[in-house]
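K.L.:
predicted model, plus sequence, below.
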Amino acid sequence: MERFAELTILQPADKEQIELPRTSEDEVAVGKKRLYIESYGCQMNFADSEVVAAVMRNAGFATTASAEDADLIFLNTCAIRDNAEQKVRHRLKHLTGLKRLKPGLLVGMLGCMAERLKTQLLEEEKVVDIVAGPDAYRDIPRLVEEAESGQKAVNVFLSREETYADIAPIRLNSNGVTAFVSIMRGCDNMCSFCVVPFTRGRERSRDAHSIVREAQNLFDQGYREVTLLGQNVDSYKWETVTFAHLLERVARIHPDLRVRFSTSHPKDITDDVLHTMARYDNICKYIHLPAQSGNSRVLKLMNRTYDRAWYIEKINSIRRILGDGCGISTDLISGFCSETEEEHQDSLSLLDFVRYDYAYMFAYSERPGTLAAKKYPDDIPEATKKRRLAEIIDRQLTHSAERNQRHVGQVQRVLIEGPSKRSADFLSGRNDQNKMVVFPKGNLQKGHYVNVLVTDCSSATLRGEVV
Ligand code: SAM
Ligand code: SF4
């Protein structure tokens, strides 16, 4: 009997975690071809790899955790910054060596880097046999057949409709407790620094019924948390269903099913969404609201379509409707084209104003083809970008520690996700605000909720005892 292992996606607990690729797991696969998937980049990519795994299972492939054992290797790639692409190029060098030892091995590039470079990838990287963009995953079995016959195979067609709504993803690296559910694809925003609209195409929302069905199925299988994913969830619109309606429908599945979502865009998040969050205990009080910069001139150059005052007003609405306890995180870019020292100080002062629980912080990386690459010189020296980034990180670490410190002495409701990374004697899970909480194992099991008295914390983790 063949047994299929679950393909898992780890939770992006922190930036370091996020930058690690996720890999497929071992399945027993008598007489099947073996597929190894390595996923880079954002949560959307990890969710997409689960769709790819489902498509490939139907085509008779079983997954493996080892590239060395595979007949077919997929790298699901990210193009958001140059270093994401360099990481994949480096990985391809290693795969070239592997292919020399195993000539029948096929290598496929999926995702944003595949979409960005298209056939150029085949010219530059001889080891690559298959190139498939984010909207071409249903076509992968055909592309594999074409590659097996000795030809290079490419599909980088971007669709206006594809949402993979009918494909039940195979959960990869799953803890069996938390899962991602894609609710939309693509992005229409055209932030000047960003390659996503070019690599993932036009924005489209997935059929609301299929989303609620997927979340219900996950709950029935024992999952207790879903994260609704999109580049800009607040512009979700399917027939008459808005994001606030969708959130409510998923929250009503069961009070024990936690609901999270990412990413919110400051120009689109509505009070309606915030009031819906306030009405349901099981919608987590945590919002990822990327600012990108704290300066209005830079925000204009970035084509974010809001200014500092608008952003601050959104933060005030969150605090007014959801209270000071609501977790807020952000993304910030240092050293965007022409950013002055004073403008950089505005980003630091925004950090001071909001006091984020967490931030993802990056040095600006020019991406070919974007509006910024065409219009604005990438004129901030690398050393300055790095220094500004270090200042931002430094400031944020103080705030993260301070926001975590507030929980010390409080009892937090935690959904247990599994053993702690550091010790098998401890379990870990998240509180409502998405903070990792570690506590002694006792007789507790994953998938259950526990109340934990927080006794101690670092800038990254809360520690405590079950009460
Ligand atoms: N859709 C989300 C939004 O609008 O906030 C974010 C999508 S993007 C995958 C994640 C983050 O990468 C962005 O919020 C931004 O901070 C960062 N990013 C995007 N392009 C970048 C670039 N060219 N250089 C540095 N960071 C970049
Ligand atoms: Fe990129 Fe802006 Fe779209 Fe986010 S909203 S994916 S940053 S273009």
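P.N.:
Structure's in. What do you need? Ligands and ions are numbered 1, 2, ... in the order given.
K.L.:
pretty sure Trp310 sits in a helix.
P.N.:
Yes: assessed with DSSP: H, G, I helix; E, B strand; the rest coil, Trp310 lies in a helix.
K.L.:
count of neighbours near it?
P.N.:
Applying other C-beta atoms under 10 Å, we find 14 residues neighbouring Trp310. All C-beta spots, glycine's among them, are computed from the backbone N, C-alpha and C.
K.L.:
now it: closest residue in space that isn't a chain neighbour?
P.N.:
Pro266 (6.7 Å; C-beta to C-beta, 6 or more residues apart in numbering).
K.L.:
how about the secondary structure of that neighbour?
P.N.:
Per three-state DSSP, the secondary structure class of Pro266 is coil.
K.L.:
my read is that Tyr376 contacts Glu339, right?
P.N.:
No: Tyr376 lies out of contact with Glu339 (C-beta atoms under 8 Å); the separation is 10.3 Å.
K.L.:
neighbour count for these two, which is higher?
P.N.:
Remark: of Tyr376 and Glu339, Glu339 carries more neighbours, 25 against 17, as counted by other C-beta under 10 Å.
K.L.:
residue contacts, the residue nearest to Trp310?
P.N.:
Shown in contact with Pro266 (C-beta atoms under 8 Å, 6 or more residues apart in numbering): Leu289, Pro290, Ala291, Arg304, Tyr306, Trp310, Tyr311, Lys314.
K.L.:
what's the answer for Leu158, then?
P.N.:
If you count contacts by C-beta under 8 Å, 6+ apart, Leu158 has them with Glu115, Gly133, Pro134, Asp135, Gly186, Arg200, Gly201, Arg202.
K.L.:
ligand 2 next: which of the residues you listed are close?
P.N.:
Checking those against ligand 2 by C-beta under 6 Å from any ligand atom, not one of them is in range.
K.L.:
export these to CSV and tack on neighbour count?
P.N.:
Rendered in CSV, the data for the contacts of Leu158 read as follows (neighbours: other C-beta atoms under 10 Å):
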residue, neighbour count
Glu115, 26
Gly133, 25
Pro134, 26
Asp135, 24
Gly186, 24
Arg200, 23
Gly201, 21
Arg202, 14
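K.L.:
now, those residues that are in helices?
P.N.:
In helices, defined here by DSSP state H, the members of the contacts of Leu158 are Glu115, Arg200.
K.L.:
what is the nearest of the contacts of Leu158 to ligand 1?
P.N.:
Arg200 (9.3 Å; C-beta to the nearest ligand atom).
K.L.:
hang on, the earlier thing: just name the closest of the contacts of Leu158 to ligand 2, please.
P.N.:
Arg200 (7.7 Å).
K.L.:
right, and that closest one touches Met113 too?
P.N.:
No: counting by C-beta under 8 Å, Arg200 stays clear of Met113, with 11.8 Å between them.
K.L.:
what's the end-to-end length of stretch 119-139?
P.N.:
17 Å (C-alpha to C-alpha, to the nearest Å).
K.L.:
grab the nearest non-local neighbour of Arg403.
P.N.:
Using C-beta to C-beta, 6+ apart, the closest residue to Arg403 is Asp357 (4.6 Å).
K.L.:
residues contacting the one you found?
P.N.:
Tyr286, Gly327, Ile328, Ser329, His399, Ser400, Arg403, Asn404, Gln433, Asn434, Lys435.
K.L.:
I figured the third one hits Tyr356, correct?
P.N.:
This means Ile328. Yes: assessed by C-beta under 8 Å, Ile328 is found in contact with Tyr356 at 5.5 Å.
K.L.:
does any part of the helix of greatest length in the chain sit near ligand 1?
P.N.:
For the chain, the helix that runs over the most residues, judged by DSSP H, is helix 382-405. No: judged by C-beta under 6 Å from any ligand atom, helix 382-405 stays clear of ligand 1, getting no closer than 9.5 Å.
K.L.:
quick one: the helices in the stretch 51-200 of the chain, in order.
P.N.:
In the stretch 51-200 of the chain, helices defined by DSSP state H, counting those that start in this stretch lie at 82-101, 111-117, 120-124, 140-148, 196-200, listed in chain order.
K.L.:
of these, flag the one that's most buried.
P.N.:
Neighbour counts (mean count of other C-beta atoms under 10 Å) averaged over each of these peak at helix 111-117, with a mean of 25.
K.L.:
next one: it to chain centre, how far?
P.N.:
17 Å (C-alpha atoms, centre = their mean, to the nearest Å).
K.L.:
not counting sequence-adjacent ones, nearest residue to the residue of the stretch 251-400 of the chain found nearest ligand 2?
P.N.:
Per C-beta to the nearest ligand atom, the residue of the stretch 251-400 of the chain with the smallest distance to ligand 2 is His265, at 5.6 Å. Leaving aside its chain neighbours, His265 sits nearest to Asn232 (4.4 Å; criterion: C-beta to C-beta, 6+ apart).
K.L.:
can you get me a residue count around that neighbour?
P.N.:
By other C-beta under 10 Å, 20 other residues sit near Asn232.
K.L.:
then the one 3 residues further on?
P.N.:
When neighbours are defined as other C-beta under 10 Å, Ser235 has 19 of them.
K.L.:
measure it to ligand 1 for me?
P.N.:
Ser235 is 11 Å from ligand 1, where distance means C-beta to the nearest ligand atom, to the nearest Å.
K.L.:
got it, and Leu453?
P.N.:
35 Å.
K.L.:
who does that residue bridge with?
P.N.:
Val411, Glu465 (DSSP bridges).
K.L.:
who are the contact partners of it?
P.N.:
Contacts of Leu453 by C-beta under 8 Å, 6+ apart are Gly409, Gln410, Val411, Gly464, Glu465, Val466, Val467.
K.L.:
most surrounded residue in those?
P.N.:
Neighbour max across those (other C-beta under 10 Å) = Gly464, 25 neighbours.
K.L.:
these two touch, right, that one and Val454?
P.N.:
Yes: Gly464 lies in contact with Val454 (C-beta under 8 Å); the separation is 4.2 Å.
K.L.:
what residues are shared contacts of those two?
P.N.:
Gln412, Val437.
K.L.:
which SS state does the residue in the stretch 301-450 of the chain positioned nearest to ligand 1 fall under?
P.N.:
The stretch 301-450 of the chain approaches ligand 1 most closely through Asp331 (3.4 Å), counting by C-beta to the nearest ligand atom. Asp331 falls in the strand class when you classify it by three-state DSSP.
K.L.:
what bridges to it?
P.N.:
Judged by DSSP bridges, the bridge partners of Asp331 are Tyr360.
K.L.:
do the same with Thr23
P.N.:
Using DSSP bridges, the beta-bridge partners of Thr23 come out as Glu38.
K.L.:
if we can go back for a sec, could I get the contacting residues of the residue of the stretch 251-400 of the chain closest to ligand 2?
P.N.:
By C-beta under 8 Å, 6+ apart, His265 lies in contact with Asn189, Asn232, Asp234, Ser235, Pro290.
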